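S.K.: quick one, structure for this:
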Amino acid sequence: MSVVERIQTLCIQKGLTLTGLERELNIGRGIIKRWASSSPNIDNIQKVADYFHVSVDYLLGREQKQVELNNRDKRDIAKKLEIIMDDLTGPEGVLAYGGDVSEEDKELYKIAIQNALEVVKLKNKEKYNPHKNKR
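M.R.: Here you go, the predicted model:
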């Protein structure tokens, strides 16, 4: 699997396009696709690795196994996210203090919290299951 194929797979898992990823990371349009025939700039490849919480070695094909969230992890995150959002946006929630919270703001908070929960879950899987999650 090439660098571009690995990045495309990661994008699909996140529901993102290559163009969307390039926009998110502030790198030139079409740069990632060009990596199929040329070497990537180390700064840009590092940005991609950091964005997806994977190593540069993984993107370059030097590392075979990536820690991933399974269905159980995703269900746990969804439950925690629902509880947190209810606590934050309920009548006595932190976000409701002083007025209503727009649906757009709620969605932004939800996305940020979900990303944080996913990162924490992945870090914990690496830390507490080190042998299971190695190559």
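S.K.: got any ranges where the protein has weak pLDDT?
M.R.: For the chain, the stretches flagged by pLDDT under 70 are 63-66, 91, 93-99, 130-135.
S.K.: can we see that at 80?
M.R.: Along the chain, the parts satisfying pLDDT under 80 run over 1, 63-67, 89-102, 126-135.
S.K.: list the contacts for R6?
M.R.: 58-59, 61 (Cβ atoms under 8 Å, 6 or more residues apart in numbering). Glycine gets a C-beta too; all of them are placed from N, C-alpha and C.
S.K.: buried only: go through these for me.
M.R.: Applying 16 or more other Cβ atoms under 10 Å to the contacts of R6, the neighbour count classes 58-59 as buried.
S.K.: looking at the contacts of R6, which is nearest S38?
M.R.: The shortest gap between S38 and any of the contacts of R6 belongs to L59, at 14.9 Å (Cβ to Cβ).
S.K.: the helices in this protein, which residues?
M.R.: 3-14, 18-25, 31-34, 42-52, 56-60, 71-89, 103-128 (DSSP state H).
S.K.: the longest one packs against which elements?
M.R.: Using 3 or more Cβ pairs under 8 Å, 6 or more residues apart in numbering; DSSP states H and E, the elements in contact with helix 103-128 are helix 71-89.
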